[in-house]
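Undergrad: Here's my sequence, what's the structure:
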Amino acid sequence: MRGYGQLVLAQFRLFLRNKQMLFWSLMFPIFLMTVIGFAFNGEESITFKGIIIDEDQSALSNQLSSLFLEEEVTNFALSEDKEQALTDLENGDISFVFVIPEQFESLIEQQDTENKPKTVLYYDQTNQMISNIAIPIIENNFVDQMSQEIASYEPVIQFEAQGVQALDLQYFDFLVPGIVAMMIMTNNLNGSAGQISSWRERGILRRMQSTTLHASSFISAQITARLVLNAFQVLIVILIGNLLFGVQVNGSWLLLLTFILLGTLTFMSIGFIIAGLAKNPESAGPISGFIAFPMLFLGGVFFPLDNMPEFLQPILETVPIAPLSTAMRQVMNVGAGLSDLWLPALYLVLWLLASFIVASLTFKWDDGVK
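TA: Numbers count the residues shown, from 1 in each chain. As a prediction, the model looks like this:
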């Protein structure tokens, strides 16, 4: 334990001595967050997504549903769980819930002008774009069109829009957790790979190996020091985001710290793999960039994975930064609990186990010595 404590303190001293590393590793995400925040803060939702609840399950209700499903402006999907759909709407995950009532077809066939079937559109009333643009499109293009086809231009379907108070999330609320995940990735993947490669080339690891120091103590000290550094930097980024743009952590700080720990361990392990494969520090940097750069754009850091081609989404959801950024967003924006985030946690744990095993096989104290 004494050797472990000394290594942790030594690592902190190295961090403090390398003031440029500390400055730029923190200033880059803050600069990126601030620039994009001022550019996009106040923008409304990115896409219109909704759920159709067909309670009638008749030929005419299926015909009306098909009008929604064929429209490209809105992105609707069918569901039978109205309660879950309304919960998703309140959480800000979707923009609409369109309900086709029971006896929809029978009321139309009765041709009773005083007892028309009433469809209800629940929508996010915090999104002015939906109120001003999307609702008129839905009413005129879908409901009225259906009425015209049925009754020769006489409206036979009533339409009602009901606003629901959803989470008032902007693009910046999406962005900040992604930047936090990016910072965890770059600090640990690039930092570990570069530092370990440099120590190996300078013979520091060889001298450590000749002492009574165990590899477990060395790795544990690295993890502890980098975890504290990551937590401190994440706190600063969130604090600045809160002061400038009102970013909040609606969920558990303990759960947020748990995912910071998982992300730190995962990307440190990948960094150790790179350090084991790289012949020198000069080659460790490009290898780290080759791995990290695509993840910034394919792992949901700056853009939702829903905007990617559908056939790629299941693959991209498993990229290590994707579950990390998803979990950070759900905790910060929605206040999700661990029971809601078991899948991202599982992906990170699997990546951690796999990368740790590979790192153990490729780690070398000295060139050619594992």
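
Undergrad: per-residue pLDDT, the residue most central in space within the chain?
TA: The residue lying closest to the centre of the chain (C-alpha atoms, centre = their mean) is residue 326, at 2.4 Å. pLDDT for residue 326: 89.

Undergrad: you'd agree it is up against residue 344?
TA: Yes - in this structure residue 326 lies within contact range of residue 344 using C-beta atoms under 8 Å: 5.1 Å. For every residue, glycine as well, the C-beta is placed using N, CA and C.

Undergrad: re the thing from before, spell out which helix or strand contains the residue nearest to the centre of the chain, please.
TA: helix 321-329 (DSSP states H and E).

Undergrad: quick one, what contacts residue 358?
TA: Contact analysis of residue 358 by C-beta atoms under 8 Å, 6 or more residues apart in numbering lists 269, 273.

Undergrad: and it, how far is that from residue 203?
TA: Residue 358 is 25 Å from residue 203, where distance means C-beta to C-beta, to the nearest Å.

Undergrad: same check, this time on residue 223
TA: If you go by C-beta to C-beta, the gap between residue 223 and residue 203 works out to 23 Å.

Undergrad: Next: residue 92.
TA: Residue 92 is 54 Å from residue 203, by C-beta to C-beta.

Undergrad: how much space between residue 50 and residue 80?
TA: For residue 50, the distance to residue 80 - C-beta to C-beta - is 15 Å.

Undergrad: oh, I was asking about residue 289
TA: 47 Å.

Undergrad: residues making contact with the helix or strand residue 286 falls within?
TA: Taking DSSP H and E as the definition, one finds residue 286 inside helix 281-298. For helix 281-298, contacts defined as C-beta under 8 Å, 6+ apart pick out 182, 185-186, 189-190, 193-194, 197-198, 201, 270-271, 274-275, 277-278, 301-303, 308, 316, 319-322.

Undergrad: beta partners for residue 98?
TA: residue 52, residue 121 (DSSP bridges).

Undergrad: give the contact list for it.
TA: 50, 51, 52, 53, 68, 76, 119, 120, 121, 122, 138.

Undergrad: So which of the residues you listed is the closest to residue 337?
TA: residue 51 (22.5 Å; C-beta to C-beta).

Undergrad: Now the closest one: closest residue in space that isn't a chain neighbour?
TA: residue 85 (4.1 Å; C-beta to C-beta, 6 or more residues apart in numbering).

Undergrad: sec struct for that neighbour, please.
TA: The three-state label given to residue 85 by DSSP: H, G, I helix; E, B strand; the rest coil is helix.

Undergrad: Would you confirm that it contacts residue 95?
TA: No - using C-beta under 8 Å, residue 85 is not in contact with residue 95, being 11.5 Å away.

Undergrad: show me where the protein has strands.
TA: 49-54, 75-79, 96-100, 118-124, 158-164 (DSSP state E).

Undergrad: Just the buried positions in the second one, please.
TA: Put plainly, it is strand 75-79. Neighbour counts over strand 75-79 (16 or more other C-beta atoms under 10 Å) mark 75, 76, 79 as buried.

Undergrad: And for residue 275, the neighbour number?
TA: 26 (other C-beta atoms under 10 Å).

Undergrad: What's the separation between it and residue 223?
TA: For residue 275, the distance to residue 223 - C-beta to C-beta - is 14 Å.

Undergrad: need the contact list for residue 334.
TA: Taking C-beta under 8 Å, 6+ apart as the test, what residue 334 contacts is 91, 92, 93, 167, 250, 251.

Undergrad: pLDDT score for it?
TA: 78.

Undergrad: again, but for residue 158
TA: Value for residue 158, per-residue pLDDT: 56.

Undergrad: Equivalent analysis for residue 262, please.
TA: 91.

Undergrad: give me the number of residues near it?
TA: 22.

Undergrad: Name the nearest residue to it, ignoring sequence neighbours.
TA: residue 348 (4.3 Å).

Undergrad: Residue 259 now?
TA: residue 327 (4.7 Å).

Undergrad: was I right about the one you found contacting residue 343?
TA: No - taking contacts as C-beta under 8 Å, residue 327 lies outside contact range of residue 343: 9.2 Å.

Undergrad: Counting neighbours, go ahead and name the busier of those two.
TA: In this view residue 327 and residue 343 are compared by other C-beta under 10 Å, and residue 327 has more residues nearby, 29 against 13.

Undergrad: show me what contacts that one?
TA: Residue 327 touches 259, 341, 344, 345, 348, counting by C-beta under 8 Å, 6+ apart.

Undergrad: For residue 99, state which of these is nearest.
TA: residue 341 (29.1 Å).

Undergrad: Give me the phi and psi for the closest one.
TA: When read as degrees, to the nearest 10, the backbone of residue 341 gives phi -120, psi 30.
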